[in-house]
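Undergrad: Sequence and predicted model, in that order:
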Amino acid sequence: MAGVLESGMLTMGPKVLEFEAEIARLCEVEHALAVTSGTAALHLAVLAAALEPGDEVLVPAYTFPATANVVALAGLKPVLVDVDPETMNIDPAQIRVGPRTKLLLGVHLFGRPLPLHELPDVPLLEDAAGALGARYRGRACGGLGIAGCLSFHPRKIVTTGEGGAVTTSDDSFADVVRQMRNHGWRSLAPADLPAPGLNYRLSDILCAVGIPQARRLEELLTARTRIAAGYTSRLEHLPVLLPRADEGDVHGWQAYVLQVDDRDRVLAELRGQGIEAQIGTYSLPLLGAYRDQGEFPGARRVFERALALPFHTRLSDGDLDRVAEALDKLVSHH
């Protein structure tokens, strides 16, 4: 960090390139392009897909709103697809491909890889915001589709405070993202700006924060996997649905989200005991912006039942015991 400040190169300098090289290595792709947030990564990737206004992009109905927002803001039509009430990921059986369906924006929700083998033959853009380190049948998430979009928000396994990246092995796609994150410049001398762009650059200061974490990803994921296993072993006798990855996949463990009946009561009681639990994420059709797309029972069910437990690597066995004992009293004897 001090080195960055002394160098005077605070943005688009050597630390950005170094961080990008680490992320590309982790996602097993040719290119990683650091940007200001996971939402910026999604926005640039959707724009780089070069679709026509009104083209349709499939988006899971249960996800953070940014996944659908970037599609709408790019002048495209987000078409919501219900989720599997067990995995919380997009339900392949609910996907309808129409004449204007051009892209599937697939989310590896909370770090659980998508069932790629069950998806239709539609170009895949991965929302891998919570899936750095996750693997689908041995392949790195973020390297499964035409491009992947990562987030380095504080709740993620590698964080730069705010930040994100687009990952791809397609050279021309990478070039478009590289230009569009820097106003649209192809070169500054001579001045060459073929199309208008945005300023989504990530600073060297933030990349310097991310580099050592990216280098320790395996260790960080092992620690999170251990905490997840600690919860699972303490909770598997309870009448709750616990998170896991499919056989042969590796969960990225961005969060530990189980499903429980009467979630709102359970959440309120946990918080009353000083246990900082949260909801999972959002059912988009229940939000004003996406209410016109009808009823999505899978998304509604998981939105009402998903409970994110406190989850970070400094949790002790005693902390896990405390959460498990509180849950046990709330769900077993109610």
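TA: That came in fine, so what should we check first?
Undergrad: drop to CA atoms for contacts and neighbour counts, all remaining ones
TA: Will do.
Undergrad: residue contacts, residue 51?
TA: Residues touching residue 51, when contacts are defined by C-alpha atoms under 8 Å, 6 or more residues apart in numbering, comprise 76, 102.
Undergrad: what's the spacing between it and residue 256?
TA: If you measure residue 51 against residue 256 using C-alpha to C-alpha, to the nearest Å, the figure is 35 Å.
Undergrad: Residue 110 against residue 133, yeah?
TA: No: here residue 110 lies out of contact with residue 133, judged by C-alpha atoms under 8 Å, at a distance of 11.9 Å.
Undergrad: any residues in contact with both of the two?
TA: Going by C-alpha under 8 Å, 6+ apart, residues that sit against residue 110 and also against residue 133 are residue 252.
Undergrad: What's the separation between residue 285 and residue 64?
TA: The gap separating residue 285 from residue 64 is 12 Å, by C-alpha to C-alpha.
Undergrad: what about the two, which has more around it?
TA: residue 285 (20 against 16; other C-alpha atoms under 10 Å).
Undergrad: Confirm that that one lies within a helix, as I assumed.
TA: Yes: when the secondary structure is assigned by DSSP: H, G, I helix; E, B strand; the rest coil, residue 285 falls within a helix.
Undergrad: Could you verify my assumption that it touches residue 303?
TA: No: with contacts counted by C-alpha under 8 Å, residue 285 stays clear of residue 303, the gap being 10.7 Å.
Undergrad: Neighbouring strands of the longest strand seen in the chain in the sheet, and parallel or not?
TA: With DSSP state E applied, the strand covering the greatest number of residues in the chain is identified as strand 101-107. For strand 101-107, the paired strands and their directions (DSSP bridges) are strand 56-60 (parallel), strand 124-127 (parallel).
Undergrad: For it, give me every contacting residue.
TA: With C-alpha under 8 Å, 6+ apart as the test, strand 101-107 has contacts from 51, 55-60, 63, 67, 89-90, 114, 122-129.
Undergrad: For the helix or strand hosting residue 70, buried residues please.
TA: Secondary structure here is read from DSSP states H and E; on that basis residue 70 sits in helix 66-73. Buried residues in helix 66-73, counted by 16 or more other C-alpha atoms under 10 Å: 67-72.
Undergrad: Not counting its own residues, what contacts it?
TA: Counting by C-alpha under 8 Å, 6+ apart, helix 66-73 makes contact with 39, 42-43, 46, 57, 59, 77-78, 105, 127, all of which sit outside it.
Undergrad: Nearest to residue 154, out of those residues: which one, please.
TA: Checking the contacts of helix 66-73 against residue 154 with C-alpha to C-alpha, the nearest one is residue 39 at 14.1 Å.
Undergrad: pretty sure that closest one is in a helix, no?
TA: Yes: remark: residue 39 belongs to a helix, assigned using three-state DSSP.
Undergrad: Tell me the secondary structure of the most centrally placed residue in the chain, please.
TA: Compute the mean C-alpha point of the chain, and by C-alpha atoms, centre = their mean the closest residue is residue 129, 2.1 Å away. Using three-state DSSP, the three-state assignment for residue 129 comes out as coil.
Undergrad: how close does it sit to residue 62?
TA: Using C-alpha to C-alpha, one gets 14 Å for the distance from residue 129 to residue 62.
Undergrad: so residue 293 makes contact with residue 80?
TA: Yes: Residue 293 is in contact with residue 80 according to C-alpha under 8 Å; the separation is 7.2 Å.
Undergrad: These two: which is more packed in?
TA: residue 80 (23 against 15).
Undergrad: my read is residue 325 is in a strand, agree?
TA: No: with the criterion set as three-state DSSP, the secondary structure at residue 325 is helix rather than a strand.
Undergrad: and it, what does it touch?
TA: Listed by C-alpha under 8 Å, 6+ apart, residue 325 has no contact partners.
Undergrad: show me where pLDDT drops low in this protein?
TA: Counting by pLDDT under 70, the chain contains low-confidence residues at 2, 4-5, 7-12, 333-334.
Undergrad: for it, what spans make up the strands?
TA: Per DSSP E, the chain carries strands over the ranges 31-35, 56-60, 77-81, 101-107, 124-127, 135-136, 139-140, 147-151, 164-168, 257-259, 278-279, 306-308.
Undergrad: quick one, what contacts residue 140?
TA: When contacts are taken as C-alpha under 8 Å, 6+ apart, residue 140 is in contact with 26-28, 133-134.
Undergrad: Out of those, list just those in helices.
TA: 26-27 (DSSP state H).
Undergrad: Of the contacts of residue 140, which pair is most distant in space?
TA: Comparing every pair within the contacts of residue 140 by C-alpha to C-alpha identifies 28 and 134 as the most remote, at 11.9 Å.
Undergrad: Between these two, which is the more surrounded one?
TA: The residue with more neighbours, out of residue 28 and residue 134 and counting by other C-alpha under 10 Å, is residue 134; that gives 27 against 19.
Undergrad: check contacts around that one.
TA: Taking C-alpha under 8 Å, 6+ apart, we find residue 134 in contact with 111-113, 140-141, 249-253.
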